[in-house]
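> My questions are about this predicted structure, shown below with the sequence.
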Amino acid sequence: MKKFIFGCILLSSSSLASALTLDVQRSIFSETLDLQDQKQWEKANKQMDNLANYPLTYLTQYNYMNANIADVSDKEVLSFLQSNKNKAVSDDLQRTYLFYLAKEKRWANFLKVRNVMPNDPTLQCYYLQASISQGQGKQVWPEAQQIWLSETGLPTACGNVYEYYEDNNILTQADIWQRFQLAYNKDKPTLMRSLARKLNNAEQQALAKQLISLHKKPSNISNSRLFNSRKAESFPFAVHSIKRLAKRDIDKAMQIFSKLDKKVNFTDDEAKEIKVQFATTIVQGRKTWLFSWLDKELQALDNTSLIEQRIRYAIKLEDWKNIEHWIQKLPEDKRNSTSWSYWQARVLERKGQSKKAIDLYKEVATHRSYHGFLAAEKLGINFPFNADSIEEKQGSLSSLSKELILIEELIFHQLNQQAKQQWIRLLNRQSPELQQQLGLYAFTKGWAHLSVLASINSKSWNALNIRFPSAKPELFIKEAKKYDLEETYIYAITRRESSFDEHAKSPVGASGYMQLMPRTAKETARKINLKEYKKVDQLNQGKVNVQLGTAYFNSLLKYYKGNRLLATAAYNAGPNRVDKWFSPNKKQGKKGIKMDSWVESIPYYETRAYVKSILVYNVIYQHMLDKPLKFLEQKELLGSY
């Protein structure tokens with residue numbers, strides 16, 4: 001491997017302090033953090049005197065100010081924010097201080113610290129409250145109205161704000177009714193009930209009550225007279241009411257739409273919105289008895305996503321006539337995309353037009369993608385990597401040396417989230433060329449997840465050396481060998497799951513390199529007798545996570561008799577779902593479908609994309625690590641699904 005220099009950014013004790021070595025400063029910093037964790041602020045402050053030149057001194061200052069915010073002056077906060085405006089913690093300190101000022105109702109000070117609308121919903125309310133207190137209520141009404149006319153619930157902090165606007169006749173009954181309609185269309189019944197209580201007009205109150213009842217039971221639309229006239233105040237609720245019913249009872253919704261349309265003559269846009277929902281329900285719910293209606297209406301709806309879903313249903317049935325028909329109905333750019341070009345080639349192959357099929361496969365095989373690799377495999381030609389590796393430009397990062405030293409120190413102290421936030425801030429201020437150089441720098445330092453972030457920020461899709469780093473090879477190789485697996489495949493899963501962020505956590509609770517759910521981790525630890533695994537926090541330890549993740553994937557592979565496609569889909573969506581997708585044909589005594597048809601017809605977009613990505617990433621890692629290249633096993637390629 002080429003040795004990278006980046007000599008201008010070598011971290012040495014002389015670059016940090018003249019009196020203390022780097023090791024001593026690191027030790028003092030760690031001791032200071034420990035003292036602060038124990039709330040021994042006086043001792044910690046004395047320790048901080050020895051850290052004047054250490055890059056992370058600002059963190060000890062932040063910790064003190066954040067924990068003792070009531071004892072900090074505006075001047076001190078503003079001074080810290082100004083001095084550390086490029087530090088991730090500056091936003092956190094500002095947020096803490098704003099909440100404190102709001103609690104103390106120090107509204108003038110609030111506006112001194114933040115004189116524009118914040119992003120946090122509660123702070124937005126406090127900003128409006130502060131503005132009102134300073135006689136600027138009318139000036140900020142457009143911002144307040146924008147928040148009001150959203151379908152989300154308002155934080156408690158907004159109560160006084162909108163009371164002021166109601167009391168001063170700035171917030172009108174029309175605004176309340178408009179928000180009620182938004183809440184109805186976004187299915188927010190609690191918000192609807194709250195708004196209904198604000199209505200002054202008895203007729204509107206009665207109407208709101210009827211609409212809330214209808215929202216709860218959409219089938220009652222057939223007995224309702226709410227939508228018998230376009231002039232009715234309730235008519236704007238008609239479209240969503242029919243769409244909502246369609247999700248529960250498509251047949252009844254279609255009957256009601258037809259009946260109402262004769263009375264009120266829905267506009268083209270209204271009819272289209274309703275029909276798109278009908279089509280979505282039909283194709284996603286596999287309502288086959290309504291496919292004649294779907295096929296008749298689909299083209300006129302001009303909805304590419306629905307046409308693609310219709311094609312995938314045809315692929316699931318290997319209905320080549322409809323595959324060809326609906327691909328031709330796609331917009332030209334979509335029709336000529338790599339994925340649908342591949343399926344056009346499959347149609348041509350099926351029709352016996354081999355030369356045309358081969359020519360199209362050759363075109364598809366020039367793209368580094370799932371379908372490109374499939375086409376290359378069919379043709380028996382080399383996989384198209386189209387790599388454009390980033391080369392070091394010496395001296396290019398010299399002006400960023402202080403920030404890179406800071407990030408290195410954060411990583412040394414395992415302050416990983418702060419290191420990631422600081423890295424993103426650094427990337428966001430650079431040109432694409434410097435972002436690429438930063439990605440290469442991160443790669444050489446072994447900061448795999450930061451390397452990936454740089455490749456994404458710079459849109460360097462062909463820079464495989466920074467897009468696909470291989471972190472902790474000794475760990476991944478060891479765990480893969482334990483189960484006779486390819487380490488490249490485990491790398492591929494990790495790259496897709498977390499981009500090698502050891503501390504990644506998903507909104508649903510999956511953690512670490514291989515994004516394991518706590519329950520899955522616990523069950524797997526029991527099965528492999530991993531006694532050292534005792535608590536969920538350990539999933540953020542690379543070794544434990546890869547041990548459990550590799551073992552879990554191996555268990556899925558065994559369950560699916562070595563078929564990586566099925567095991568990979570199950571890793572993402574769970575084996576129960578995959579069993580439903582895999583077995584219907586066989587349960588009915590029918591012959592299964594081809595491998596590519598099965599992958600293309602996976603009903604969940606996320607899982608479909610996941611399987612495709614893992615297969616491609618595996619080959620890329622094989623290429624990067626000089627391993628033999630293999631996209632699919634013969635049993636996977638030729639199997640019946």
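It's in.

> what's in contact with the helix or strand hosting Phe29?
Take DSSP states H and E as the rule and Phe29 turns out to sit in helix 22-37. Helix 22-37 is contacted by residues 11-13, 16-17, 20, 41, 43-44, 47-48, 50-51, 53-54, 56-57, 59-60, 63-64, 67, 409, 412-413 when judged by CB atoms under 8 Å, 6 or more residues apart in numbering. Yep, even glycine has a C-beta here, placed from its N, CA and C like the rest.

> Buried residues in that helix, which are they?
Within helix 22-37, the residues that count as buried by 16 or more other CB atoms under 10 Å are Leu22, Gln25, Arg26, Ile28, Phe29, Thr32, Leu33, Leu35, Gln36.

> Could you export it as CSV, CA atoms only?
Output of helix 22-37 as CSV, limited to C-alpha atoms (Å, rounded to 0.1, in the frame of the first residue of the first chain):
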residue,chain,number,x,y,z
LEU,A,22,1.6,15.8,25.0
ASP,A,23,1.2,12.7,27.2
VAL,A,24,1.2,14.8,30.4
GLN,A,25,-1.4,17.2,28.9
ARG,A,26,-3.6,14.3,27.9
SER,A,27,-3.3,12.9,31.4
ILE,A,28,-4.2,16.2,33.0
PHE,A,29,-7.2,16.6,30.6
SER,A,30,-8.5,13.1,31.5
GLU,A,31,-8.1,13.9,35.2
THR,A,32,-10.0,17.2,34.7
LEU,A,33,-12.9,15.4,32.9
ASP,A,34,-13.1,12.9,35.8
LEU,A,35,-13.2,15.7,38.4
GLN,A,36,-15.9,17.5,36.4
ASP,A,37,-17.9,14.2,36.2
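
> that older thread, out of the buried residues of helix 22-37, which is nearest to Lys522?
Of all the buried residues of helix 22-37, Leu33 has the smallest distance to Lys522: 31.1 Å, by CB to CB.

> Just want the phi and psi numbers for the closest residue to Leu182 other than its chain neighbours.
If the residues on either side of it in the chain are set aside, Leu182 comes closest to Glu151, at 4.5 Å by CB to CB, 6 or more residues apart in numbering. Dihedral angles phi and psi of Glu151 (degrees, to the nearest 10) take the values phi -90, psi 0.

> do the same with Gly562
Given degrees, to the nearest 10, the pair of backbone angles that Gly562 has is phi 80, psi 0.

> how much space is there between it and Met117?
Distance of Gly562 to Met117, given as CB to CB, to the nearest Å: 56 Å.

> same check, this time on Thr338
43 Å.

> Between these two, which is the more surrounded one?
Thr338 (18 against 15; other CB atoms under 10 Å).

> Was I right to think that one contacts Arg368?
No. Thr338 sits out of contact with Arg368 when judged by CB atoms under 8 Å, with a separation of 9.6 Å.

> Report the contact partners of Phe631.
Counting by CB under 8 Å, 6+ apart, Phe631 touches Phe373, Leu374, Ala376, Glu377, Phe383, Leu615, Asn618, Val619.

> Among these, which lie within strands?
Using DSSP state E, the subset of the contacts of Phe631 located in strands is empty.

> Now do the helices in the stretch 351-500 of the chain.
354-364, 370-379, 401-412, 416-428, 432-445, 448-457, 464-467, 473-482, 487-498 (DSSP state H, counting those that start in this stretch).

> Next, format those helices as TSV and append distance to Arg519.
Listed next are the helices of the stretch 351-500 of the chain as TSV, based on distance: least, CB to CB, whole Å:
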stretch	distance to Arg519
helix 354-364	41
helix 370-379	30
helix 401-412	31
helix 416-428	24
helix 432-445	33
helix 448-457	25
helix 464-467	32
helix 473-482	21
helix 487-498	17
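
> Which one of those lies nearest to His623?
The nearest among these, by CB to CB, is helix 464-467 at 7.6 Å.

> Enumerate the positions of the closest one that are buried.
Leu464, Asn465, Ile466, Arg467.

> The third one against Gln437, yeah?
No. Checked against CB under 8 Å, the pair Ile466 and Gln437 is beyond contact range at 9.7 Å.

> relative to helix 401-412, how tilted is the helix holding Phe29?
60 degrees (axes from the mean of the first three to the mean of the last three CA atoms, to 10 degrees).

> From the contact counts, what lies against the following helix or strand past helix 22-37?
Note on helix 22-37: by DSSP H and E, the next helix or strand toward the C-terminus is helix 41-48. Applying 3 or more CB pairs under 8 Å, 6 or more residues apart in numbering; DSSP states H and E, one finds that helix 41-48 makes contact with helix 22-37, helix 57-67.

> change it to 6 Å
helix 22-37 (3 or more CB pairs under 6 Å, 6 or more residues apart in numbering; DSSP states H and E).
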